[in-house]
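> Build the 3D model from these lines:
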Amino acid sequence: LYLQHNRHLGPIPPEIGRMSSLRTWNMSYNHVFDKIPTTLWQGNSLRHLESLDLSHNLLTGEDNSLYGGDFYEFGQSWKKLTSLRLENNFFRGKGFGLERLVSKLVSTLEEFDISSNYFSGTVPNALFELTNLNVLSLGRSGLIFKAKDGIHNLTRFQNLEYLNLTSCGLRGEIPIESLTSLTALDLSYNALTGRIPKLRQLTKLFSIDL
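Next up, the predicted model:
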């Protein structure tokens, strides 16, 4: 279902939740507002969904509940999801439900983009278990890295091709030499220190912003 760039104004039609065989849904670059309706994840709604792109809209959602809030519910039925793009919206909260969401998608998720939102707090620990990721974009999401973990957890993502961590509170050196699949890297607007790493092994890298 491809509805991108259609100037749609209003909430997401709840009837989409009845499309139980839907595998790909792109509703990006519209004027969609309000929360993602519960009909999209209740029961077995959209249980075959593999790719979801709701980026560049006006969507909202709170994520302040230790029990998960809006974001935890997403993972209950979307268990085949490989690509989740929610960037450039108005999602906010401390990431409790976000952590529970990604923990449900550890074995499937390959693309995860929540950049340019209004979260707060630290990057969820469960995120570092998404070792199948090809794309990870947290830039300007409002989430920051824990000081004790720093950027060193990034070495777990051996399949990463695109990494955007703009304004994520990164500190210290940049251990990216092992991320040999990288083609694009953005670590700008952080507090990195030390020498610029040798990039000899990153033979696929064509774009880098520090």
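
> Flag every buried residue along stretch 99-114.
By 16 or more other CB atoms under 10 Å, the buried positions in stretch 99-114 come out as 99-105, 108-114. Bear in mind the C-beta positions are built from the backbone N, C-alpha and C, glycine included.

> Name the nearest of the residues you listed relative to Phe128.
Taking CB to CB as the measure, Phe128 lies nearest Val102 of the buried residues of stretch 99-114, at 9.5 Å.

> sorry, back to before: among the buried residues of stretch 99-114, which lie within helices?
Using DSSP state H, Glu99, Arg100, Leu101, Val102, Ser103, Lys104 are the members of the buried residues of stretch 99-114 that sit in helices.

> Count the residues that sit near the closest residue to the first one other than its chain neighbours.
Think Glu99. In space, and not counting its chain neighbours, Glu99 is closest to Pro124: 3.4 Å by CB to CB, 6 or more residues apart in numbering. The tally of other residues near Pro124 (other CB atoms under 10 Å) stands at 20.

> now the buried residues of stretch 99-114 as TSV including distance to Cys168 and pLDDT?
Formatted as TSV, the buried residues of stretch 99-114 follow (distance: CB to CB, whole Å; pLDDT from 0 to 100):
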residue	distance to Cys168	pLDDT
Glu99	16	80
Arg100	21	77
Leu101	19	80
Val102	16	81
Ser103	20	81
Lys104	23	80
Leu105	20	84
Thr108	24	89
Leu109	19	93
Glu110	20	96
Glu111	18	97
Phe112	14	96
Asp113	13	97
Ile114	11	95
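
> could you dump those residues to TSV with distance to Leu84?
Shown next, in TSV, are the buried residues of stretch 99-114 (distance: CB to CB, whole Å):
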residue	distance to Leu84
Glu99	14
Arg100	14
Leu101	9
Val102	9
Ser103	13
Lys104	11
Leu105	7
Thr108	10
Leu109	7
Glu110	10
Glu111	7
Phe112	6
Asp113	7
Ile114	8
